[in-house]
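> Dropping a prediction and its sequence here:
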Amino acid sequence: MRERTALEYYVLDVFSNESYKGNPLSVVFTDGNLDLETYQNISKEFGYSETSFVYYSKTQKALNVRSFTPIGFEIDGAGHNLLGAVCGALLKKLPIFEEQDENNRFVIMKNAPIPLTVSFDPETQYPIVQMHQKQAVIKHQIPTYKIAIALGLKIEDLEVNMLVPTVVQTEVAHTMVPIRNTQLLNDCVPDSKLLIEISKEHQFEGFYCFSISDENQDHVVEARFFNPIIGIEEDPATGTAAGPLIGFLTKNRYTQLNKEYKILQGVKLNQPSLIEVMNRQNDILVGGSSAITMRGELYI
């Protein structure tokens, strides 16, 4: 029997300070790149919406991150897959920023640098990571009736003032779907086949359904995210959709520039997550923390 290689892994709950809340992510620590089939097999075995693989490159002086879904799709963009990977590396005490300028911290994903801001919670000492996403690009609108049918809702359930379903992109293009209230938001039952057809027809990935919160709540919206085209039926926290949403809300004057807001997601899945977002002049910050829930070894 050939000798197998052991790789250490963490399972973190992302966009949460507590285990068994937030969005679970497996983070596998490697010594370099693996072959594609190994990435895909490990991701399928874990079965989480995404699994991230990380190693520190002395040549690039940065942490390298690759992320895959259980069906083998490699993820682009700065979402919970990246935030959890960075938190995992920091909690493991890897010196991922030791050779970088304090004001120019970054990690590498798909050969592209993604800038970050990192601090530590003074009480828990958990890392707080803010990912710098590009400015939101407001693209085309999607016919409301199509999405209403796919979500099992009426057209009027998606009529929220002047907001209409719109494709928005910072890292990845998703459709922002306004829903009249949180009861409708949490009662809707999506038809994954219809959602995939809409995604293909209009060339975007997921559906970020949201309801505007009351002013006395500490979050600006509550949201649910469906992305069946890449194998994610529902996600409890989605950084690549939170950035576009705060850009969309600011464009429509529901939120302000340079002010921090929170997005509540994952309630329906009993995995409540709080995503911190801020729309700035030249970029969008999407951030939060992560807690280690499991650790162990896997073998290849």
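Received the coordinates, thanks.

> Domains in this protein, by residue range?
6-131+288-299, 137-282 (the TED database).

> Pipe those domains into a markdown table and attach mean pLDDT and mean neighbour count per row.
Using the backbone N, CA and C atoms, a C-beta is placed for each residue, glycine as well. Compiled in a markdown table, the domains of the chain are given as follows (pLDDT from 0 to 100; neighbours: other CB atoms under 10 Å):
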| stretch | mean pLDDT | mean neighbour count |
| --- | --- | --- |
| domain 6-131+288-299 | 95 | 19 |
| domain 137-282 | 97 | 19 |
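
> Can you give me the first-to-last residue distance of stretch 100-120?
End-to-end distance of stretch 100-120: 18 Å, with CA to CA, to the nearest Å as the criterion.

> From here on, call the first residue 646.
All set: I'll call the first residue 646, so the last point we hit is now stretch 745-765.

> List of residues touching it?
702, 705-712, 719, 721, 723, 727, 730-731, 735, 741-742, 771-777, 930, 932 (CB atoms under 8 Å, 6 or more residues apart in numbering).

> Show me where the stretch 846-945 of the chain has its strands.
Listed in chain order, the strands of the stretch 846-945 of the chain (DSSP state E, counting those that start in this stretch) span 852-857, 866-872, 877-880, 905-910, 918-924, 929-933, 935-944.

> quick one: strands adjacent to the third one?
In its sheet, strand 877-880 lies beside strand 866-872 (antiparallel), with partners assigned from DSSP bridges.

> for the fifth one, same thing?
For strand 918-924, the pairing partners within the sheet under DSSP bridges are strand 905-910 (antiparallel), strand 929-933 (antiparallel).

> the inter-axis angle of the first one versus strand 852-857?
So that's strand 905-910. If you take axes from the mean of the first three to the mean of the last three CA atoms, to 10 degrees, strand 905-910 sits at 120 degrees to strand 852-857.

> hang on, the earlier thing: do you know which of the strands paired with strand 918-924 lies nearest residue 684?
Taking CB to CB, strand 929-933 is the member of the strands paired with strand 918-924 nearest to residue 684, at 24.4 Å.

> Kindly reformat the strands of the stretch 846-945 of the chain as a markdown table containing distance to residue 765.
As requested, the strands of the stretch 846-945 of the chain are exported to a markdown table (distance: least, CB to CB, whole Å):
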| stretch | distance to residue 765 |
| --- | --- |
| strand 852-857 | 29 |
| strand 866-872 | 27 |
| strand 877-880 | 26 |
| strand 905-910 | 18 |
| strand 918-924 | 15 |
| strand 929-933 | 13 |
| strand 935-944 | 12 |
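
> I'd assumed residue 690 was in contact with residue 717.
No: using CB atoms under 8 Å, residue 717 is not in contact with residue 690, being 11.8 Å away.

> how much space between the residue nearest to residue 911 when sequence neighbours are not counted and residue 851?
Closest residue to residue 911 apart from its sequence neighbours, by CB to CB, 6 or more residues apart in numbering: residue 881 at 3.1 Å. For residue 881, the distance to residue 851 equals 13 Å [CB to CB, to the nearest Å].
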